[in-house]
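> Sequence first, predicted coordinates after that:
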Amino acid sequence: MKLIILDRDGVINRDQATPIKSPDEWVPIPGSLEAIARLNQADYRVVVAANQSGIARGMFDIMTLNAIHQKMHQAAQAVGAEIDAVFFCPHSADEHCDCRKPQPGMLKAIAQRFDISLKGVPQVGDSLRDLQAAFVVGCKPYLVKTGKGEQTIAKGGLPPGTEIFADLASVVDQLLSSPSAQTR
């Protein structure tokens, strides 16, 4: 099975200064959903892994998060894309849980659910914490310049082996053009 793990805000949809708090605020980055459709056509299972501390901070509730994700799924399906699963951490940084990126718990849960080793699995994010979590569990980290990506590059300290691309569509172009894409 081929698997790819994507952060949500800044990778699939536009990011903003405060958490996405309603379906109206969820706006896809041009080309991101079509990139997911191309991954599906290449037999990738697409999983989203996202920190959602707005729940713990009382900015929105689980019903609102479900509505945001419903909009994401419907928008994906409208272009022939399928997101296989969405994993999220509802905790704030103060709670020191194992599932909030950069901790590896959420990615380990994905590995367990799909019964797969994460060694070499592409993980696409726009922040250092996405890449750190990916690196710890053996995923291949990809940084996109969308969302907080440019700020992440400027700060430096990226995990070894991190590859940098303009956006998700560019990552997918690279993944699908590499000879190893056929064997993953």
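All right, it came through fine.
> Determine the longest helix present in the protein.
In the chain, assigned by DSSP state H, the helix with the most residues is helix 62-78.
> other SSEs contacting that helix?
Packing contacts for helix 62-78, counted by 3 or more C-beta pairs under 8 Å, 6 or more residues apart in numbering; DSSP states H and E, involve helix 32-41, strand 85-89. Just so you know, the C-beta spots here come from the backbone N, C-alpha and C atoms, and that holds for glycine as well.
> run the last query once more with 6 Å
Packing partners of helix 62-78 (3 or more C-beta pairs under 6 Å, 6 or more residues apart in numbering; DSSP states H and E): helix 32-41.
> what lines up beside the next helix-or-strand element following the helix it packs on in the sheet?
Next helix or strand after helix 32-41 toward the C-terminus (DSSP states H and E): strand 44-51. Using DSSP bridges, strand 44-51 pairs in its sheet with strand 2-6 (parallel), strand 85-89 (parallel).
> Can you say which of those is nearest to R129?
strand 85-89 (10.7 Å; C-beta to C-beta).
> could you give the angle of the next helix or strand after that closest one to strand 85-89?
The first helix or strand that comes after strand 85-89 along the chain, using DSSP H and E, is helix 105-114. Helix 105-114 runs at 150 degrees relative to strand 85-89, counting by axes from the mean of the first three to the mean of the last three C-alpha atoms, to 10 degrees.
> Can you tell me what sits against helix 105-114?
With C-beta atoms under 6 Å, 6 or more residues apart in numbering as the test, helix 105-114 has contacts from 47, 49, 87, 89, 98-99, 118, 133, 137.
> want to throw these into JSON lines with pLDDT?
Formatted as JSON lines, these follow (pLDDT from 0 to 100):
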{"residue": "V47", "pLDDT": "98"}
{"residue": "A49", "pLDDT": "98"}
{"residue": "F87", "pLDDT": "98"}
{"residue": "C89", "pLDDT": "97"}
{"residue": "D98", "pLDDT": "96"}
{"residue": "C99", "pLDDT": "96"}
{"residue": "L118", "pLDDT": "98"}
{"residue": "A133", "pLDDT": "98"}
{"residue": "V137", "pLDDT": "98"}
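> List only those of those residues flagged as buried.
47, 49, 87, 89, 99, 118, 133, 137 (16 or more other C-beta atoms under 10 Å).
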